[in-house]
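Participant: Would you be able to build a 3D model of this:
(chains A and B)
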Amino acid sequence: MSYPLTREQYLDLYYYMQLNRMLEERMVRLFRQNKIVGGLYSSLGQEGVSVGTAYALEKKDWLAPMIRNIGALLVKGVPPRDIFTQHMAKYTSPTLGKDGTSHFGDLKVRHIVSPISMLGDLIPVMTGVAMAGRYLGQKIVALTWIGDGGSSTGAFHEGLCLAASQRAPFVLILENNQWAYSTPVSRQAPVKNLADRAVAYGIKSAIVDGNDVVAVYQATKEAVEGSRAGDGPRLIEVKTMRMRGHAQHDPADYVPKEMFEHWKARDPIVRYEKYLTDNKLWDQRQKAEILARIERLLDEDQKFAEESPMPPPELAEEGVYCEGCHTIAADWKRSKQEVTPPNCSVEAVWKVENFGGLEPEIPTAKEVAASGSNGPPGSARSTVKNSGHGAIAPKASEPLAEKPEARIPFGRGPKDKEFRQAAENRSYGRNPREKSFQKGPQGKSFGTNSQGKTFNKNSHGKPFRKSSHDKPFVKNSQDKQGGR
Amino acid sequence: MAAITMLEAIRQALFEEMDRDPAVVAIGEDIGVYGGAFKATEGLLGKFGPERVIETPIAETGLVGAACGMSFLGLRPVAEMQFIDFIACCFNQVTNFVAKSHYLWGAPVPMVLRGPSGGGVHGGPFHSANPEMYFAHTPGLKIIYPSTAYDAKGLLKSAIRDNNPVLFFEHKFLYRRVKEEIPAGDYTVPIGKAITRREGRDLTILSYAAMAHTSLEAAETLAKEGIDAEVIDLRTLMPLDKDAILASVKRTNKLLVVHEDTRTGGIAGEIAAIVCEGAFEDLDGPITRVTALDTPVPYAPPLEERFLPNAEKIVAAARELAKY
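Facilitator: You can find the predicted model right below:
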């Protein structure tokens, strides 16, 4: 499904990408002038990801940026002065100078959750945001980003596991910029596409060219609306490239020069300018106007930031606890009656479909052996049922199609006759590589029915409905965008 | 009115708060159909349904993070650790995300993280811990560790209504061992207020949780020997009731701190510093500690008994202190 954009929206995407880049260019200058207090992390070359993803969100939706998602904050309506003041540790910054970079949020108006430096932790937090939004009937989607590096964390796994089990309206953008500090993706994970991990959580995924802002927008929009409609969380891998070091101090000498050249030829802004021109979406006058508008805004906001004071020292002591400074009230978009007894009451019993066995019923070992196959060809997915739990392990006396090779553990060589004899007499179950064993019965794949539990009475939100594990869809920007 | 256990008091607090406010939700492992490892949430799912009693995979970082995220939208989640030892699995989420949100970017996190803690039940090194001081050391968290059914109920209610993240430690040794009659209606116990369990003139014994009971037992023994000990139950470790501590020390001039947590870095050291700073000239003897050993909690009963403080150890230390 394609989500058409108006001419104004096309120009919006350009505006935010350029604003993102020009803002960061100015901050590099400020950094060199020693006006940035801490580190400066560049998102050069990744503007299409931040802008394209955030642009797919509605105003009511929530996001939590990572360090290289300043573009997303701009799309959400954060003024550049907030970015300047944050980096310069000014009292006028959203955190009053208590934290820097993109580490700030806005619970009330823009619905932004502040990141922390520990990677992956936003994933469970934004899952909670999504769950709370659904509970309150707000119909929101929560979105956050994770890098290729951060996708190795335990929090990534726990968060996606929880989001998937809750079918939370949550979208995770896996921003694969090829480098986790100095470590390339190939040294982090032996998978071709990090999006493949979605299969393990039973959620849908997509892969998109991160330097094609329209493709990023389209893929994210589709995921956001699918997730909002109750389709569960989504994972989108965007392939892009970090065109600078990890931070300003890092010259990134470890990146092959040719790699920079490869990606430089695919610069998201240059590409998008060509796209706008080719599709007659603008003219040079409009481009000049946009750039002038950005310069004016940045001039003004940079001046504001440079002239702002540092925080007063005594501020360090304030604000550890909320001592009545906040009024906490949820924004209910559904009747509280629905979640108040007796309306919310259920019969608290589990129902375990098929008792956790194979569908439609567990074949006996004998049947399996007799048929030579435990499922017709053409199963949705070939699955090897691990015999480790014993339920369907063939008996030792039953014939196996192929004798597994005896495993020789460390310290006991093949010359150990007694051991070898014992090993050969032992059954290891079916050889998992044996083709006939990989098919599920009745054309159904094993393990697709992951929930296996329903409540007798559950009238709201359907958080526990059975999931259908569709194939991950792979999106090719060329298909959508007419041969750019 | 019949006497109820501390466990039942906690369960009542959860029921009553969820009944009172639909923004209160429970989240944790096995808290639904099973009712929680110690049955503290028994019946909660049936009454409030799966949207409000959220069972999660075994993912402490996941569920604590989710509770934090829920609180950003104005909910008041109560997250359960099956055993408080497992809070180590979500240490980063608690100390870096939850605790710092308000200070750094003005986002209050009105969540409660509760779970069974403490030893004396032969739970072994991973089911007996008292990890409160990791978190007392983390600005932004409040820490409650009650010793009675009345306090457990009233403090849990206060914790749920508080705008800050509160860690609520429930001593599992006390769960079914302490019983008392508690008032029928809604009541709360203020966070950050210690209570004097026994008044005395000769020395002050400061303690909390299970050791508050052990300290009282020791005080009765000491009374027979003519040593009149005051016993104060801290109830809240963060914020600490410094006024109550100093006032008592100024009266008795001698301080003995007892805790089940290990010795080094336990709250006793912090209290000793507070008293030195605020009542040094009132002291007639050295501030004395009776604590667990600086070891993991061992499993075998003779080892665990050696590890834990008990009434005899307290009495012995108090006798020495009383000589000054």
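Participant: going forward, measure contacts and count neighbours with C-alpha atoms only.
Facilitator: OK.
Participant: Buried residues, the strand or helix carrying A:Glu289. List them.
Facilitator: According to DSSP states H and E, A:Glu289 maps onto helix A:284-307. By neighbour count on 16 or more other C-alpha atoms under 10 Å in any protein chain shown, the buried set for helix A:284-307 is A:287, A:290-291, A:294, A:297-298, A:301-302, A:304-306.
Participant: Could you do stretch B:49-58 as well?
Facilitator: Neighbour-count burial for stretch B:49-58, with 16+ other C-alpha under 10 Å as criterion, is recorded at B:49-56.
Participant: Okay, and the closest residue to chain B within the stretch 101-250 of chain A sits in which element?
Facilitator: Closest to chain B within the stretch 101-250 of chain A is A:Gly128: 3.6 Å, counting by C-alpha to the nearest C-alpha. Assessed by DSSP H and E, A:Gly128 sits inside helix A:122-135.
Participant: tell me what that helix is packed against?
Facilitator: Where contact means 3 or more C-alpha pairs under 8 Å, 6 or more residues apart in numbering or on different chains; DSSP states H and E, helix A:122-135 is packed against strand A:62-64, strand A:142-147, helix A:154-166, strand A:170-176, helix B:60-72.
Participant: I'd like the distance from the last one to the chain centre, please.
Facilitator: Yep, that's helix B:60-72 we're talking about. Relative to its chain's centre, helix B:60-72 lies at 21 Å (C-alpha atoms, centre = their mean, to the nearest Å).
Participant: Using CSV, write down the CA coordinates of that helix.
Facilitator: Only the C-alpha atoms of helix B:60-72 are listed here, as CSV (Å, rounded to 0.1, in the frame of the first residue of the first chain):
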residue,chain,number,x,y,z
GLU,B,60,12.8,-8.0,34.1
THR,B,61,14.3,-5.3,32.0
GLY,B,62,11.4,-5.6,29.7
LEU,B,63,8.7,-5.3,32.3
VAL,B,64,10.3,-2.6,34.4
GLY,B,65,11.0,-0.6,31.2
ALA,B,66,7.4,-1.1,30.2
ALA,B,67,6.1,0.0,33.6
CYS,B,68,8.3,3.1,33.3
GLY,B,69,6.9,3.8,29.8
MET,B,70,3.3,3.3,31.1
SER,B,71,3.9,5.8,33.9
PHE,B,72,4.9,8.5,31.3
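Participant: Tell me, how many residues neighbour the residue in chain B that chain A sits nearest to?
Facilitator: Residue nearest to chain A within chain B: B:Ala66 (3.6 Å; C-alpha to the nearest C-alpha). B:Ala66 has 31 neighbours, counted by other C-alpha atoms under 10 Å in any protein chain shown.
Participant: contacting residues for it?
Facilitator: B:Ala66 makes contacts with A:124-129, A:131, as judged by C-alpha atoms under 8 Å, 6 or more residues apart in numbering or on different chains.
Participant: what does B:Asp19 give?
Facilitator: A:340-341 are the contacts of B:Asp19 under C-alpha under 8 Å, 6+ apart.
Participant: Could you confirm B:Ala212 falls within a strand?
Facilitator: No: counting by DSSP: H, G, I helix; E, B strand; the rest coil, B:Ala212 is not part of a strand but helix.
Participant: list the contacts for B:Ile314?
Facilitator: By C-alpha under 8 Å, 6+ apart, the neighbours of B:Ile314 are B:215, B:218, B:258, B:290.
Participant: Contacts for the helix holding A:Glu289, please.
Facilitator: Outside helix A:284-307, the residues within contact range by C-alpha under 8 Å, 6+ apart are A:15, A:18-19, A:22-23, A:80-81, A:84-85, A:88, A:90, A:92.
Participant: Residue 27 sits in which helix or strand?
Facilitator: Defaulting to chain A. With DSSP H and E as the criterion, A:Met27 is inside helix A:7-32.
Participant: that's the wrong chain, I meant chain B
Facilitator: Assessed by DSSP H and E, B:Ile27 sits inside strand B:24-28.
Participant: distance of the most centrally placed residue in chain B from B:Val33?
Facilitator: Relative to the mean C-alpha position of chain B, the nearest C-alpha, by C-alpha atoms, centre = their mean, is the one of B:Tyr145, at 1.3 Å. To B:Val33, B:Tyr145 is 27 Å away according to C-alpha to C-alpha, to the nearest Å.
Participant: what's downstream of the stretch of helix or strand B:Leu303 belongs to, the next helix or strand?
Facilitator: Following DSSP H and E, one finds B:Leu303 within helix B:301-307. Counting by DSSP H and E, the next helix or strand C-terminal to helix B:301-307 is helix B:311-322.
Participant: pLDDT averaged over that following helix - what is it?
Facilitator: Across helix B:311-322, pLDDT averages out at 98.
Participant: and the chain, what are its domains?
Facilitator: This is for chain A. A:7-332+A:474-481, A:352-452 (automatic domain parsing).
Participant: Chain B, not that one
Facilitator: Using automatic domain parsing, the domain parsing of chain B gives B:4-180, B:195-322.
Participant: Distance to A:Gly245 added to those, as a markdown table?
Facilitator: A markdown table is the format used below for these (distance: least, C-alpha to C-alpha, whole Å):
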| stretch | distance to A:Gly245 |
| --- | --- |
| domain B:4-180 | 26 |
| domain B:195-322 | 41 |
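Participant: quick one, which of those domains is packed in tightest?
Facilitator: domain B:4-180 (a mean of 23; mean count of other C-alpha atoms under 10 Å in any protein chain shown).
Participant: on that earlier part again, return the member of the buried residues of helix A:284-307 nearest to chain B.
Facilitator: Nearest member of the buried residues of helix A:284-307 to chain B, counting by C-alpha to the nearest C-alpha, is A:Ala305, at 18.4 Å.
Participant: low pLDDT regions in the stretch 201-324 of chain B?
Facilitator: For the stretch 201-324 of chain B, no stretch is flagged by pLDDT under 70.
Participant: those strands in it, which residues are they?
Facilitator: B:203-207, B:229-233, B:236-238, B:255-262, B:288-292 (DSSP state E, counting those that start in this stretch).
Participant: Mind putting those strands into a markdown table with distance to A:Leu57?
Facilitator: Formatted as a markdown table, the strands of the stretch 201-324 of chain B follow (distance: least, C-alpha to C-alpha, whole Å):
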| stretch | distance to A:Leu57 |
| --- | --- |
| strand B:203-207 | 52 |
| strand B:229-233 | 52 |
| strand B:236-238 | 40 |
| strand B:255-262 | 48 |
| strand B:288-292 | 54 |
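Participant: closest to A:Val208 out of those strands?
Facilitator: Of all the strands of the stretch 201-324 of chain B, strand B:236-238 sits nearest to A:Val208, with 48.5 Å by C-alpha to C-alpha.
Participant: contacts for that closest one?
Facilitator: Contacts with strand B:236-238, where a contact means C-alpha under 8 Å, 6+ apart, come from B:136, B:141-146, B:191-194, B:267.
Participant: Could you grab the helix/strand/coil label for the spatially closest residue to B:Gly118 that is not a sequence neighbour?
Facilitator: For B:Gly118, ignoring the flanking residues on the chain, the nearest one in space by C-alpha to C-alpha, 6 or more residues apart in numbering or on different chains is B:Ser128 at 4.7 Å. Secondary structure, three-state DSSP: B:Ser128 is coil.
Participant: who's in contact with B:Ser128?
Facilitator: Per C-alpha under 8 Å, 6+ apart, neighbours of B:Ser128: B:85, B:117-122, B:297.
Participant: can I get those residues in a markdown table with distance to A:Lys333 and secondary structure?
Facilitator: Shown next, in a markdown table, are the contacts of B:Ser128 (distance: C-alpha to C-alpha, whole Å; DSSP: H, G, I helix; E, B strand; the rest coil):
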| residue | distance to A:Lys333 | secondary structure |
| --- | --- | --- |
| B:Asp85 | 38 | helix |
| B:Ser117 | 38 | strand |
| B:Gly118 | 42 | coil |
| B:Gly119 | 45 | coil |
| B:Gly120 | 48 | coil |
| B:Val121 | 47 | coil |
| B:His122 | 48 | coil |
| B:Val297 | 49 | coil |
